[in-house]
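Participant: This is a predicted model, with the sequence first.
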Amino acid sequence: MRELLESVLATQPAWIDMLLWLRDLIVRPFGIKTATRADESQPTDDRIAFFSVLDEQPDEIVLGTNDRHLDFRVSLMRKISPNGEQLILTTVVQVHNLLGRAYIRAIDPFHHLVVKRTLLRLVRTLDQSA
């Protein structure tokens, strides 16, 4: 799971990199952590992209970051069933204050698009390695 997620997050499409750059530019004055600044609230050097690795099992990896305005988690899980293999990408956000709510509302449409595209890239990566 780690290798799959590392390969996909290490080479984001240019439009996602541009969105992250724009996000960083907008949120920096509000004291929100930027994508280019490592999450100092997690005591670990184990990272994928700019997320800390919080838990890792053979069929699931959980990444996350914490900030004053919200805590963010992303899980990539592989589920094997009689019908085949599934990849499940889940994101969870715990909002702490009004700034967090405003931030989530502003990025929500982009977040959904990035998650869908990332999941498609994960599937393509798996198909190419099979």
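Facilitator: Sure thing, it's come through.

Participant: Please identify the helix or strand for the residue most central in space within the chain.
Facilitator: When the chain is reduced to its mean C-alpha position, the nearest residue by C-alpha atoms, centre = their mean turns out to be Val74, at 5.3 Å. Applying DSSP states H and E as the criterion places Val74 in strand 70-81.

Participant: Kindly report the same for Leu19.
Facilitator: helix 14-27.

Participant: cool, and Thr91?
Facilitator: When elements are assigned from DSSP H and E, Thr91 belongs to strand 84-95.

Participant: how many neighbours does the closest residue to Ile16 other than its chain neighbours have?
Facilitator: With C-beta to C-beta, 6 or more residues apart in numbering as the measure, Val114 is the residue that lies nearest to Ile16, at 5.8 Å, once sequence neighbours are left out. Every residue, glycine included, has its C-beta placed from N, CA and C. For Val114, the count of nearby residues is 18 (other C-beta atoms under 10 Å).

Participant: Using the three-state scheme, assign Val114.
Facilitator: For Val114, the secondary structure call by DSSP: H, G, I helix; E, B strand; the rest coil comes out as helix.

Participant: Got the confidence number for it?
Facilitator: The predicted local distance difference test score for Val114 is 89.

Participant: Ok, Val27 next?
Facilitator: 85.

Participant: Then the one 4 residues further on?
Facilitator: pLDDT for Gly31: 79.

Participant: from memory it sits against Tyr103, does it?
Facilitator: No. Here Gly31 does not reach Tyr103: they are 11.5 Å apart, not a contact under C-beta atoms under 8 Å.

Participant: List the buried residues for stretch 4-13?
Facilitator: By neighbour count with 16 or more other C-beta atoms under 10 Å, stretch 4-13 contains the buried residues Leu4, Leu5, Val8, Leu9, Gln12.
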